[in-house]
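Undergrad: sequence first, then the predicted structure:
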Amino acid sequence: MIARKRLFEKGILTALALCPQLSAANGFTSTDVLKWEQSAQDSMFQTSVGMMAIVATQLENHAQLAECIDQWYFASDAVTQARNGEIREVMQRYGDYHPQAMIMAVVEKACGEF
């Protein structure tokens with residue numbers, strides 16, 4: 001019987017294989033997000049990074065990645081604001097790309113690949 005975490009991991013990978021999201025967005029880009037109010041941007045960043053940490057806890061051999069994300073982004077309000085600034089800088093440089101791809105790239109640079 002497949003363990004629950006393994007099944008969850010396979011489900012995510014299958015979904016990504018069947019419905020790949022292009023990192024070069026045709027409709028929704030990082031530039032679009034940067035037009036939002038800063039509080040809305042911060043909310044999106046926090047939700048996205050938080051979900052990455054949750055997914056990492058469910059993947060086999062990724063507990064250390066989840067801990068890194070937690071410390072890197074959620075250590076304090078000041079740290080979170082600094083990380084949001086880093087994400088914004090990357091989005092400004094790569095405005096034509098999907099914002100989720102940019103958030104993931106920043107997190108992976110800091111904590112390692114999924």
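TA: Great, that's in hand.

Undergrad: mean confidence score for the lengthiest helix in the chain?
TA: Assignment by DSSP state H gives helix 38-58 as the longest helix of the chain. Mean per-residue pLDDT for helix 38-58: 94.

Undergrad: mind checking how far the helix or strand following that helix is from the chain centre?
TA: Next helix or strand after helix 38-58 toward the C-terminus (DSSP states H and E): helix 63-74. Mean-position distance between helix 63-74 and its chain equals 12 Å (C-alpha atoms, centre = their mean, to the nearest Å).

Undergrad: excluding its backbone neighbours, what's nearest Ala56?
TA: Excluding the flanking residues, the one nearest Ala56 by C-beta to C-beta, 6 or more residues apart in numbering is Ala66, at 3.9 Å. C-beta coordinates here come from the backbone N, C-alpha and C atoms, glycine included.

Undergrad: shaky segments in the protein?
TA: By pLDDT under 70, the low-scoring segments of the chain are 1-26.

Undergrad: tell me the secondary structure at Glu113.
TA: Recorded secondary structure, Glu113: coil (DSSP: H, G, I helix; E, B strand; the rest coil).
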